Every structure is written in structure tokens, then in C-alpha cells.
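Visitor: all I have is the shape, not the residue letters:
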């Protein structure tokens, strides 16, 4: 089975916006064992969209489009799809009501132009949009299936997962399937990791082993080819076991799991609670912890003591200590964590104080130096880190290290290495 | 003049690599006033590359490709280009020598396969590669000009600048250029905005007006076509003035500017300082404020009072008030802001308390309801918001609204509408 991906939007052709949707969809196709024939990007131009969609539908069994489903006059995907499918456009009362209701719920003034989004080619499968207003649709064009989704990545992704992916699975007759599993690591560099798993990397052919570095850490992807899901799982389990034995400390999760979710789950199942005292990370650790639904069960309070006065006010860090040791020091990190523990009544407190840059570094305390403190009823420890890169990278890497520190502490593991 | 851009490489179709070359080239084309008909991405497959290049050369006066010029068997761009141009491939002794010399200079082991890169369609204009080994070339295909460049962005960019750009300039008879400016808005929906600027949108042809919704808000893009940079600026200034008169409150910045940077700049120039009391946003507002380099000049402290106890501890919010009015209420939002102002000694304090979901909503207080409090020495106010979407969206939109609230407050503007 062949598919094509078409991104619609003049902003793409002007270079004002980079199309990340096509690449995301292509990755999904690879996982499903579906061959991507090509991608294209076309502007908001009826004729050109028609030419592109027509050609794609003639060549490929399915065509996925993103963009051009908004309510305004330059959003013409619906119209072109209907024309190619030789269908009329039908106004769906229930979709219109849903759109109006969404505006009412959000107390937003409603403009009639939004009802353009309730118009769908007759006979199409509707792709509900749980995140925004415009639904998508799947319509037959000749022997091909044309699936139209909005361009907003969050909307497109959730609609693809819920409706388009199952649809394509049914369409694609499976012979052999490709299944991947990602082992996520943090706190180890790509080259260190390559050194540790070099044999696996070179010798294993099924599953294959691939390594990809992200700002979160390094992902190890195992990709198995097998006749059945079960067989693929057996292959992945086998190599996965070897991998976890080689890297006992560094693997924190699988596939899409993120550290904040894993830490949250561990806190919940163990009945623990958390407080945070942040300086250089400026609330980022708290933000990541509270991104997770249900985090109110274990997150008590966060303190962003950005100024020295706030460190004194919140945690009783004495100005003399800050003066003698510096705000970025193990002593202040410990005081912050201990103060946060006491204030909040949480069972664990973590602090981070460092220099995020670009200014404020010295030869002894360069940009990227971060001290973290960790404290619970059994005692407290301070851990030193050095991060590299721009301010954004330093802040993010510090937040990742902080979450990993929590994970290891809760599991009773060594805090580093 | 029309051009098309084609990215070549199987890694693109597997989603393993995102094509940023096309977008970069598109921006260059826009600056030169050349219309981009479409982009495509195709795999390292001779037949498919041929189909794509043939179609593009039939439609457009010039076609730019990136990728597929490496030395290995799957690099077939040279071969396909020669076939379409009805030219033989010629081995260039001087290019071969240059390739060998480069390897010697870099003390790299030389493999004979690299000499494949010295083969160029007969009669083609050679595009020297000052950064890597593979040269590119420009060859006539029918009435079109096909320019083939490598996929490595640094190589492609320097080759485009030095050779392809001057070539296209000579080809393109008009000396007109295209220049864009983005007016960024927040707190107004795409359809409301369309309603307000409908006339502009429909009547203005130069500059044209385009609208694009992001999670940060809605961007309005003006695109002018003119003979000179100065003329383009005059056109953009003219329509921009009308736009700012139509939307006096909603526009917060231009082009790539973000709200946290703008708020930071305003705080710095006015000598103001800030404290934050966050509940539902869980530290995200503080994180965005502290992303900005130099934010320690105006950001005093942030408090993430996620639990009710933390609200009492930090801001003296009485448990009885939380019980009678609820944690999500104007009363508690005000107490939080007032408490944060007092604790921190900042000149402005902002609070946010709401229901980020997915759980915790009731019919009277649904998921997405957020109360914000704003407080300075002149008094305090509470403002109600309703956001929709998933938890991530609600938190982000609340953070955006909070920053906008600060912007408007500092500017003495109405806080909403």
C-alpha cells in the first residue's frame, strides 16, 4: 500500500512556516509498514490543490492532507475534495450545533463564517476534532481514499490517532509488520551510550537498533519485523532484556513516556508528595510536573525564588550565607530544599539553583553550573551538574536532570552515573 | 516566473529527517519576488524522481532540487537529470582532482566511490561546492532550468547564494520583490478577527492579507510586492496603520516577537517588577517569564500554590473562604495576587486559579474556567476566562492570557475585549 501526504497553505510556500505535520505522519506510516510515495506542499489555490490531489489520488491508495479546513474564504480543501469525489457539499446540522456549542461554552462571540466548517462532502466519513472546531473527513476519490485534516498539529495528531489510523489499518492488508519499541534514557551522552551498546548495535539485525539524541536524552529504538504482533513482541522483549541489563540505571521509560509522567506515577503509587524550590529553572520543573493530569494528588507547592530576597523570605536562607557561598552553591541548594520541605509539608523536596545564562557566569561558576538539593525525612543531599548550550537548553536539561534525580531517589538508585 | 522545489531522500519519507531546505529556499524565492508553485519530497527512487522532475519541469520555469548528489548507488539525481535533459554524463577530471584534494587536506581515507560525484550532465553549468565534496549543476530540461544541489543545508545554502541565486535573477525579468510583515494578536478568535478586518482581507491586493491561527493567538500577515525594499515598507506601513486602527487592543507584536519578551521589555524600561501566584498553570507563566534572558531584572518570585494549604501558607487565604467560594473564584484569585505582591515586594502581582482538567470540572465551574487576579499599589482586579481543549492547551492559553493581561495593564489598556 502506497500513500501520499499533501500539506496545504500559502504560508508554507512563502517559507514562513515549516511543515512538521508531513514528517510526523510519515513516521506513523513507517511504523504501520505503509510506504509513503511522496509529500507535497501547495498554496491556498483551488486549481493547484485540485491538480495535486487529483494526481495523488490516481497514484496512491490513500492521500492524507493537512491544512485548508479553516472557516475563511482561502480555506478551499472541502470544496476541492467534493469536486474530485463528484459529491455535493452537505451542511451538517449536528456539526454546526457542535461548533456553536463550543463557542457558547467558551463564551466566545460567534461569527456565522464558522458554520462553513459544518460543510462536508456528501457520503464522507467524518473525522471528529476533539481539540478544535473544524472536523476532518475521509472521502473516496476514484479508487483512492482522501483523508483531509486541519493543519494545527495538535488537532491533526489527535484526529489521526483516533480516526485516520484505524481507517488505514483496515485498508492495509498486513503480511509482515514492523513494530518498534523505544527505550528512553537520560543523563548519558550519545557517544557514551554507543560505546556501551556497540555490540548490540552492530550485531543485531532483527530487531535493528537505532539511536536518536533529543533534548530529553537519548532514545534507543528497537525495530522488529515479524509475521505477527506476538512474534514482534517476543523479538523486542528478548533484545530489550539485554538492553536493560547493559544499562540498568539510565533507562527511565518506553516509547512516548516522559519523565514527569513516570515520576508522577511513582509518587502516586507510593503515596509520596512533592515540593519544588526553583531558581535558575524558573518554574519549568513545576510546569512539567503539573502538565500531568492528576498531579494535584502529589504536588503540594512550588516556589520560584528568583531573587535572593525570595530565598530568604520563603526558606529562611540567611543573606550572609548567600554572600559567603553564593546563591549557586550546595549550601543554598540544601537550604532551599529543606525550606521547601518544611513549608509545604510534602514528603520530598527538590531544589535547583544555577546559572542559566547567557550572562552571570564566572570562571569558577560558569554558565550551565547547577546545584540541586534533595531532601526528605531521612536527610538531604546536594548534587552538582554542568549543562551546555543556550539558556533554553540549560533550563530544559536542568529540569530533566531534576526529574531523573527524583526518579532515582524514589527507586533508591545511585543519583548519578 | 514560477519555480518548484523538490527535496530528494528516503529519510524524509520515513519521517527520520525534517526538510528545512525547501522552506529556506521558499523564503529566498519570496524575497526575490519569484512565485513558488509547490514543494515535493520524494525518496531515493529513480522512477519516482524522474516522474516528479519531469512534471515540475513541464509546469515551471525553474526547478530546484536538494539531495541525492552523494557518492553511493542510491544517489541518482545526476542520472535522472541527464536523462531528462537528453544529455550524456561526463566525467570531469578537474572536479575529481578537487574531490581527492579535499580528502587529502582533511586527512580522510579516500574511497574511489567518491569520484562518482565528478560526473555531471554534459553542457550543464557547474555549481561549485565551497563547503563539501559534491558539486551541483544547472541543466536545461525542455524550456525549464533544473538546478540540483546537495541536501546538507550548509552546502546547499552557500551554493545557492553564490551560483543559483544570480542565475535565477538573470532568468527572472522583473525586478520586483515580495516582503512580509506579521502582526501578532491574542485574545481574539480567527473568526472574530476575520469579521473585524473582512474589508481589508477582501479588498487589499497589495499588500495581501492572510490570517493564521496558532496556540499563541492569530497572526495577520501582510505581503507586499514592490520594486524596492523601501516601496514594500511604505506599502506595509500604510496597511499596517489601518490594521492597528481597526484592532487597537489585540496586536501585541510583530513578526517573531513573543509576549514574554515584550512584557519583559516593558517591565525593564518602566522599572517595574513582577511576582506570580499560580495554581492551574502550575509554574508555566513563571517559566515563560524566565525563559527571557535578563528576566532576573524584573522577576522577583513565583509561587505555585497547587494545594489549598499552600494558598493559606503563602498568601493567608483563609480555609473558610476557599470552602465558601471555592479555590477557583474571584475572591481567591484576588487574595493570591495580593498575597504575592506583599510577600515579594514586587510592583505588580498576577495570579491564576482555575480548572485545567481533564477532571475536576462541575456544571457551574467547568474545565477551562480560570480566574486571574492582578494587583499593584493602585488596587486589584479579578478577570474571568474560559479556555478549551486539552489540559496542555488550557494551561498554555491561560499563560498567554496572563501575559496579555500584564501587557495591557502596564499600557493602561482595557484588560479584555
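Guide: Right, received. Where do you want to start? This one's a predicted model, so the numbers in the text were calculated from it and none came from an experiment. Numbers count the residues shown, from 1 in each chain, chains lettered A, B, ... in the order given.
Visitor: domain ranges for chain A?
Guide: Domains of chain A are assigned by automatic domain parsing as A:2-171, A:177-254, A:259-411.
Visitor: need the least confident one among those domains, by mean pLDDT.
Guide: Mean pLDDT is lowest for domain A:177-254 among the domains of chain A, at a mean of 88.
Visitor: quick check: end-to-end length of that one?
Guide: 20 Å (CA to CA, to the nearest Å).
Visitor: stretch A:111-123: which residues count as buried?
Guide: Residues of stretch A:111-123 classed as buried: A:111, A:113-121 (neighbour count, 16 or more other CB atoms under 10 Å in any protein chain shown). No exception for glycine: its C-beta is placed from N, CA and C like everyone else's.
Visitor: hmm, I was thinking of stretch A:360-367
Guide: A:360, A:365, A:367.
Visitor: hang on, the earlier thing: the buried residues of stretch A:111-123 in strands, which ones?
Guide: Those of those mapping onto strands are A:119-121, per DSSP state E.
Visitor: count of residues packed around residue A:36?
Guide: Applying other CB atoms under 10 Å in any protein chain shown, we find 26 residues neighbouring residue A:36.
Visitor: who does it bridge with?
Guide: For residue A:36, the beta-bridge partners are residue A:3 (DSSP bridges).
Visitor: for it, give me its contacts.
Guide: A:2-5, A:26, A:29-30, B:13-14, B:43 (CB atoms under 8 Å, 6 or more residues apart in numbering or on different chains).
Visitor: same question, residue A:105
Guide: B:366, B:368, B:386, B:388.
Visitor: could you give me the PyMOL selection string for whichever of the residues you listed are buried?
Guide: Per 16+ other CB under 10 Å, the buried members of these correspond to this PyMOL selection:
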select buried, chain B and resi 368+386+388
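Visitor: distance to chain A and secondary structure added to the contacts of residue A:105, as JSON lines?
Guide: As requested, those are exported to JSON lines (distance: CB to the nearest CB, whole Å; DSSP: H, G, I helix; E, B strand; the rest coil):
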{"residue": "B:366", "distance to chain A": "7", "secondary structure": "coil"}
{"residue": "B:368", "distance to chain A": "7", "secondary structure": "coil"}
{"residue": "B:386", "distance to chain A": "5", "secondary structure": "strand"}
{"residue": "B:388", "distance to chain A": "5", "secondary structure": "coil"}
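Visitor: output the contacts of residue A:105 as CSV; include the columns distance to residue A:337.
Guide: Output for these, formatted as CSV (distance: CB to CB, whole Å):
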residue, distance to residue A:337
B:366, 37
B:368, 34
B:386, 38
B:388, 37
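Visitor: look up how far chain B lies from the closest residue to residue A:127 other than its chain neighbours.
Guide: Leaving aside its sequence neighbours, residue A:127 sits nearest to residue A:136 (CB to CB, 6 or more residues apart in numbering or on different chains; 3.5 Å). Remark: distance between residue A:136 and chain B (CB to the nearest CB, to the nearest Å) = 16 Å.
Visitor: and residue A:136, how many neighbours?
Guide: The local packing of residue A:136 (other CB under 10 Å) involves 27 other residues.
Visitor: got a list of what it touches?
Guide: A:69, A:126-127, A:129, A:147-150, A:159, A:163-164.
Visitor: apply 6 Å and report the result again.
Guide: By CB atoms under 6 Å, 6 or more residues apart in numbering or on different chains, residue A:136 lies in contact with A:127, A:148-149, A:159.
Visitor: please apply the same query to residue A:381.
Guide: residue A:374.
Visitor: and it, that one's in a strand?
Guide: Yes. The assignment for residue A:381 is a strand, going by DSSP: H, G, I helix; E, B strand; the rest coil.
Visitor: three-state assignment of residue A:165?
Guide: Per three-state DSSP, residue A:165 ends up helix.
Visitor: and what of residue A:248?
Guide: With three-state DSSP as the basis, residue A:248 sits in coil.
Visitor: is chain B contacted by stretch A:43-54?
Guide: No. With CB under 6 Å from any CB of the partner chain as the criterion, chain B is not reached by stretch A:43-54; the gap is at least 6.6 Å.
Visitor: show residues contacting that stretch.
Guide: A:6, A:10, A:13, A:40, A:42, A:74, A:76, A:80, A:84.
Visitor: got it, and stretch A:145-162?
Guide: Under the criterion CB under 6 Å, 6+ apart, residues A:9, A:21, A:62-67, A:69, A:77, A:81, A:127, A:129-132, A:134, A:136-139, A:164 lie in contact with stretch A:145-162.
Visitor: how about the buried residues of stretch A:111-123 in JSON lines, adding distance to residue B:325?
Guide: Listed next are the buried residues of stretch A:111-123 as JSON lines, based on distance: CB to CB, whole Å:
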{"residue": "A:111", "distance to residue B:325": "34"}
{"residue": "A:113", "distance to residue B:325": "39"}
{"residue": "A:114", "distance to residue B:325": "35"}
{"residue": "A:115", "distance to residue B:325": "38"}
{"residue": "A:116", "distance to residue B:325": "41"}
{"residue": "A:117", "distance to residue B:325": "38"}
{"residue": "A:118", "distance to residue B:325": "39"}
{"residue": "A:119", "distance to residue B:325": "44"}
{"residue": "A:120", "distance to residue B:325": "44"}
{"residue": "A:121", "distance to residue B:325": "50"}
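Visitor: from these, pick the one nearest chain B.
Guide: The shortest approach to chain B among the buried residues of stretch A:111-123 belongs to residue A:111, at 4.0 Å (CB to the nearest CB).
Visitor: surely residue A:353 meets residue A:331?
Guide: No. Applying CB atoms under 6 Å, one finds residue A:353 not in contact with residue A:331, separated by 10.0 Å.
Visitor: higher neighbour count, these two?
Guide: With neighbours defined as other CB under 10 Å, residue A:353 and residue A:331 compare such that residue A:353 has more, 30 against 16.
Visitor: so what touches whichever strand or helix holds the more buried one?
Guide: In the assignment (DSSP states H and E), residue A:353 maps to strand A:348-354. Under the contact criterion CB under 6 Å, 6+ apart, strand A:348-354 has outside partners A:272, A:274-281, A:327-328, A:332-333, A:336-337, A:340-341, A:369-376, A:398, A:402.
Visitor: setting aside sequence neighbours, what's the nearest residue to the residue nearest the centre of chain A?
Guide: Geometric centre of chain A, nearest residue: residue A:256, 7.4 Å, by CA atoms, centre = their mean. Closest residue to residue A:256 apart from its sequence neighbours, by CB to CB, 6+ apart: residue A:182 at 7.9 Å.
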